[in-house]
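In: Sequence first, then the predicted structure:
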Amino acid sequence: MEKKLVGVIEKAGDGGYGIYALEDVIPVTGYGLTEEEAKKDFVEQIKEQADYYKEKKGIYPDWYEENQEVEYRYDMSAFFMSFPFINASELAKSLGINPSLMRKYKSGLAKASAKQKDLIQEKFNGLVERLELVKF
């Protein structure tokens, strides 16, 4: 059974991207000036950490599988950094979220709770479904 490793993409302090493993037991982080560089570094770090573990313990860690699939998730600030053409206030209005609060999520001044993230994700999925129907 193949397990997905979840990597969370966030905005780094210097304007680049950082990625960390969602599960605390997985000691993997990646960094890059671009999202693609950070993803590449993250995948390389997965292999390096697993190889190091095997070197020390004789087996690969439980969380590791060869050619493991990574599911990426965004924190709000990284989402808006990766998609700068999306206006936080207008997106908030279309999702029924307070625009001021969404701007705080965008800037990193506030963090959405798990419940709020689920609500945003649900409404965002509905917006994506509508967008998929668009034809030009």
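Out: Arrived safely, thanks for sending. Numbers count the residues shown, from 1 in each chain.

In: Excluding its own residues, what touches stretch 63-73? List them.
Out: Stretch 63-73 is contacted from outside by 2-9, 19, 22-23, 25-26, 39, 42-43, 46, 49-50, 53, using C-beta atoms under 8 Å, 6 or more residues apart in numbering. Using the backbone N, CA and C atoms, a C-beta is placed for each residue, glycine as well.

In: Buried ones only from the residues you listed, please, as a ChimeraX command.
Out: In ChimeraX syntax, the buried subset of the contacts of stretch 63-73 is picked out as below (16 or more other C-beta atoms under 10 Å):
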select :5,7,8,9,19,26,39,42,43,46,49,50,53
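
In: Which members of the contacts of stretch 63-73 occur in strands, if any?
Out: Counted as lying in strands by DSSP state E, out of these, are 5-9, 19.

In: Just the closest of the residues you listed to residue 111, please.
Out: residue 8 (11.8 Å; C-beta to C-beta).

In: got a pLDDT number for the closest one?
Out: Note on residue 8: pLDDT of 96.

In: Isn't it up against residue 75?
Out: Yes: judged on C-beta atoms under 8 Å, residue 8 makes contact with residue 75 at a distance of 6.2 Å.

In: In contact with residue 93: list those residues for me.
Out: Taking C-beta under 8 Å, 6+ apart as the test, what residue 93 contacts is residue 99.
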